[in-house]
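Engineer: What shape does this take:
(one chain, ligands or ions: 1)
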Amino acid sequence: MKEDALSGQHALITGGGSGIGLASAAALAAAGARVSICGRNRKRLQSAAKGNRIFPVAMDVCDEQSVRNAVSMAVAENGPVNIHVANAGIAESCGFDEMSLPFWHRIMMTNLDGAFVSIRESLLSMRTESWGWIITIASVAGLRGLKRASAYTASKHGLVGLARALSEELIGSGITANAICPGYVDTPILAKSVKEIAARSGKSEQDALAALLRLNRDRKLIDPHEVAATALWLCLSGSEGMNGQVFPISGGQV
Ligand code: NDP
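Structural biologist: All right, here's what the predicted structure looks like:
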């Protein structure tokens, strides 16, 4: 990878302080992009940014004004946004019958509304340059149903639909939109889910993880850098023809 492949470009990554977002920030920065990472946990953002060419900016994707402020600060620091990775998300599990409306709203608001609002704000700035890349980090749950995860599954199907619809709406603008659909990736969100499954089922955490991994044909967790590599590839010169596409990284799960 040439260190200047993304030189002069500004990549904004929601949920960039940990897991897939942080791995993507590192990959895009290594390719020469100026990177802004956003999330609620300022300390984590600051420590992730330390020593790297990365700008940390607090943002709660559930709060429209917070998104506006954060994108403005990122643009003031790094220039117009060219790459937007809509990655911020939460995963909580609940049987459908017991699910409350506030539970449903919390997941949809973070995973889907948050992607909509943050992409819209970045897009305003992308349009000034007439080119850019939008990537939604959906999930295999955007392509198939997951048990006890109907809100999460619906939100991730929404992110796939959002990328597809945007790609249609932006045809001819120089801006592409694609969705990445990871399987089980070794990040804090997965560790939390494994703990919850173990507590609910009485299984050990090891057995709870093994049950999840049975869905991946190679029985391995995916490394966040594998997801980041696909995000980077989608932003490189030569990938312009990828538009409105869905890229599963799922160990053969889908
Ligand atoms: P992490 O928990 O490491 O990342 C989630 C990120 O989202 C955190 O950095 C968190 O930052 C941010 N976030 C959550 N809520 C908000 C909010 N309201 N406003 C701003 N940022 C928020 O796990 P992953 O890296 O795995 O998750 C990244 C994405 O990948 C998620 O959308 C997840 O659904 C998706 N994914 C993950 C898979 C996996 O197995 N790990 C599989 C498929 C998809 P902070 O707390 O600072 O706000």
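
Engineer: Please count neighbours and contacts with C-alpha atoms only from this point.
Structural biologist: OK.

Engineer: Please enumerate the helices of this protein.
Structural biologist: Counting by DSSP state H, the chain has these helices, from start to end: 19-30, 42-49, 64-78, 101-108, 114-127, 150-169, 188-201, 205-213, 224-235.

Engineer: so which of these is the most packed in?
Structural biologist: Of all the helices of the chain, helix 19-30 has the most neighbours on average by mean count of other Cα atoms under 10 Å, namely a mean of 25.

Engineer: what is the orientation angle of that helix with helix 224-235?
Structural biologist: Angle, helix 19-30 to helix 224-235, by axes from the mean of the first three to the mean of the last three Cα atoms, to 10 degrees: 50 degrees.

Engineer: What is helix 19-30 packed up against?
Structural biologist: Secondary-structure packing of helix 19-30 (3 or more Cα pairs under 8 Å, 6 or more residues apart in numbering; DSSP states H and E): strand 10-14, strand 34-39, helix 224-235.

Engineer: Restrict the shortest one to CA atoms and write it as CSV.
Structural biologist: Pointing back at strand 10-14 there. Output in CSV follows, covering the C-alpha atoms of strand 10-14 (Å, rounded to 0.1, in the frame of the first residue of the first chain):
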residue,chain,number,x,y,z
HIS,A,10,-10.5,13.4,5.0
ALA,A,11,-12.0,10.3,6.5
LEU,A,12,-14.6,10.7,9.3
ILE,A,13,-15.4,7.5,11.2
THR,A,14,-18.2,7.3,13.7
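
Engineer: Each with direction, which strands does it pair with?
Structural biologist: Paired neighbours of strand 10-14 in the sheet (DSSP bridges): strand 34-39 (parallel), strand 83-86 (parallel).

Engineer: Mind putting these into CSV with mean pLDDT, mean neighbour count and distance to Leu28?
Structural biologist: Listed next are the strands paired with strand 10-14 as CSV, based on pLDDT from 0 to 100; neighbours: other Cα atoms under 10 Å; distance: least, Cα to Cα, whole Å:
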stretch, mean pLDDT, mean neighbour count, distance to Leu28
strand 34-39, 98, 28, 7
strand 83-86, 98, 29, 10
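
Engineer: Alright, calling it a day.
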